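Trainee: Only the shape, not the letters, is given here:
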């Protein structure tokens, strides 16, 4: 595994969530696909990212809300997935890992923001001069990149260990694993629909999307 690539992709994805540039590459599907592409297997990254995205559709990182950092977790999980031959077992293990690691990553965001408060503080409580404020802002962005890079590489290492230790011992058929993922995804989608108005308001969009997805599966 190219750990430098994981660190750079993870750091960039972590920045996108809040610091810069907020162009949605921190969404699990995009982050996992980018990681897969950087490590030579974008299709497997996209598959894991699509499943991970379903569980984060209802996460709206707005205002002062606390939320899991799914982007860096997706990077870490994808790196772990590609550390072994990709199978339904490895996908299930890394998906479960991503859902847990995103909580830990989210906690590091809270700790990081509290830790950098002194960068913007002055002894007299007066506003910082603009040049100093800009320099400290740049330092905060750099530190956030390093935090996200560390979270991603640490998670990738742990995911690799889990895949190596568990995936080869999980005696589940593709049907069983697929069913488990489908049930969990259905529950996640149900929770998401409540955020966006529920079945009554969104049934037309849901049915059209489901029909297009089925058509895609038939035609491919």
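Mentor: Right, received. Where do you want to start? Fair warning: this is a prediction, and the values are worked out from it, not measured in the lab. Residues are numbered from 1 along each chain as shown.

Trainee: Run through the residues that contact residue 14.
Mentor: Neighbour list for residue 14: 26, 69, 71, 72, 144, 145, 147, 148, 149, 151, 152 [criterion: CB atoms under 8 Å, 6 or more residues apart in numbering]. In this view, the C-beta of every residue, glycine as well, is placed from N, C-alpha and C.

Trainee: Just the buried subset of those residues, please.
Mentor: Buried residues within those, defined by neighbour count using 16 or more other CB atoms under 10 Å: 26, 69, 71, 72, 144, 145, 147, 148, 149, 151, 152.

Trainee: Where does the fourth one sit, in terms of helix or strand?
Mentor: Under DSSP states H and E, the secondary-structure element containing residue 72 is helix 70-81.

Trainee: Next secondary structure after that helix?
Mentor: According to DSSP H and E, the helix or strand after helix 70-81 is helix 88-115.

Trainee: Report the buried residues of that following helix.
Mentor: Buried residues in helix 88-115 (16+ other CB under 10 Å): 88-95, 97-99, 101-102, 104-106, 108-109, 112.

Trainee: likewise stretch 77-90?
Mentor: So for stretch 77-90, counting by 16+ other CB under 10 Å, buried means 77-84, 86-90.

Trainee: ok, which pair from those is furthest apart?
Mentor: The most widely separated members of these are 79 and 88, with 18.6 Å between them, by CB to CB.

Trainee: Okay, now the unreliable bits of this structure?
Mentor: 60-65, 120-128, 167-178, 180-181, 183-202, 217, 220 (pLDDT under 70).

Trainee: change it to 50
Mentor: Applying pLDDT under 50 to the chain flags no residue at all.

Trainee: From residue 20, how far out is the residue nearest to residue 98 when sequence neighbours are not counted?
Mentor: The shortest distance from residue 98 to any non-neighbouring residue, by CB to CB, 6 or more residues apart in numbering, is to residue 77 (3.7 Å). For residue 77, the distance to residue 20 (CB to CB, to the nearest Å) stands at 24 Å.

Trainee: can you check residue 45 too?
Mentor: Per CB to CB, residue 45 is found 23 Å from residue 20.

Trainee: for the protein, what's the longest helix?
Mentor: Ranked by residue count and defined by DSSP state H, the top helix of the chain is helix 130-166.

Trainee: show me the residues around residue 154 that make contact.
Mentor: Neighbouring residues of residue 154 by CB under 8 Å, 6+ apart: residue 76.

Trainee: how about 7 Å then?
Mentor: By CB atoms under 7 Å, 6 or more residues apart in numbering, no residues touch residue 154.

Trainee: Distance-wise, check it relative to residue 44.
Mentor: Using CB to CB, residue 154 is found at 21 Å from residue 44.

Trainee: what do you get for residue 160?
Mentor: Residue 160 is 14 Å from residue 44, by CB to CB.

Trainee: likewise residue 74?
Mentor: From residue 74 across to residue 44, the span is 12 Å (CB to CB).

Trainee: okay, those two: which has more neighbours?
Mentor: A side-by-side neighbour count of residue 74 and residue 44, using other CB atoms under 10 Å, places residue 74 first with 38 against 21.

Trainee: now stretch 105-119: how far from the chain's centre is it?
Mentor: Here the centre of stretch 105-119 is set off from its chain's centre by 18 Å, with CA atoms, centre = their mean, to the nearest Å.
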